[in-house]
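> Kindly return the folded structure for what I paste below:
(one chain, ligands or ions: 1)
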Amino acid sequence: MPQLKWYRVFKSPQEANDRIPQGKLQLVRIGERRICIAHTDRGFHAVSDVCPHLSESLSKGSTNYLNEIICPWHGYRFNLVHGQECQNRTKALTVYKIELRDDGLFLGV
Ligand code: FES
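Coordinates of the predicted model:
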């Protein structure tokens, strides 16, 4: 398995919470990758921003109480932990590692 490279997205937990409050989504770019960070009541999650159905930007969507991200175009729902679409209507989302540490929010790519 290739080594993860960690990127610091925010400099503190406070900044992470201020910039992406619970219930919100944020697009970040790491090189060529478009990654959507979701903040739910179960913490921060990171998935590909590109919907596997027809490529809509998931950061324009929303989340729900099931800890899913909902695509704004056709409403497909993806689990934020493993990326699976709830009815297997399309392939799973790529899920990235994300860690909230004392010195910031880090994405593992
Ligand atoms: S483009 Fe996302 S559900 Fe169709």
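
> Near the ligand, which residues of the chain are found?
For the chain, the contact set with the ligand under Cβ under 6 Å from any ligand atom comprises 51, 53-54, 56, 71, 73-74, 76. To be clear about C-beta, it is placed using only N, CA and C from the backbone, and glycine gets the same treatment.

> Quick one: these as TSV, columns for neighbour count and pLDDT too.
Below are those laid out as TSV (neighbours: other Cβ atoms under 10 Å; pLDDT from 0 to 100):
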residue	neighbour count	pLDDT
51	24	98
53	16	98
54	11	98
56	16	98
71	23	98
73	15	98
74	12	98
76	22	98
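
> Using a markdown table, please lay out the residues you listed together with secondary structure and distance to residue 6.
Formatted as a markdown table, the residues of the chain next to the ligand follow (DSSP: H, G, I helix; E, B strand; the rest coil; distance: Cβ to Cβ, whole Å):
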| residue | secondary structure | distance to residue 6 |
| --- | --- | --- |
| 51 | coil | 26 |
| 53 | coil | 30 |
| 54 | coil | 31 |
| 56 | coil | 28 |
| 71 | coil | 28 |
| 73 | coil | 32 |
| 74 | coil | 33 |
| 76 | coil | 30 |
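
> you'd agree residue 55 is in a helix?
No. Residue 55: not assigned to a helix; according to DSSP: H, G, I helix; E, B strand; the rest coil it is coil.

> OK, contacts around it?
Listed by Cβ atoms under 8 Å, 6 or more residues apart in numbering, residue 55 has no contact partners.

> Mind pulling up the pLDDT for it?
Note for residue 55: predicted pLDDT of 98.

> and what of residue 41?
pLDDT, residue 41: 97.

> isn't it right up against residue 22?
Yes. Residue 41 is within contact range of residue 22, at 6.3 Å (criterion: Cβ atoms under 8 Å).

> More neighbours: the two, which one.
residue 22 (13 against 9; other Cβ atoms under 10 Å).

> center of this protein, which residue is that?
residue 46 (2.8 Å; Cα atoms, centre = their mean).

> Okay, and the beta partners of it?
Counting by DSSP bridges, residue 46 forms beta bridges with residue 37, residue 96.
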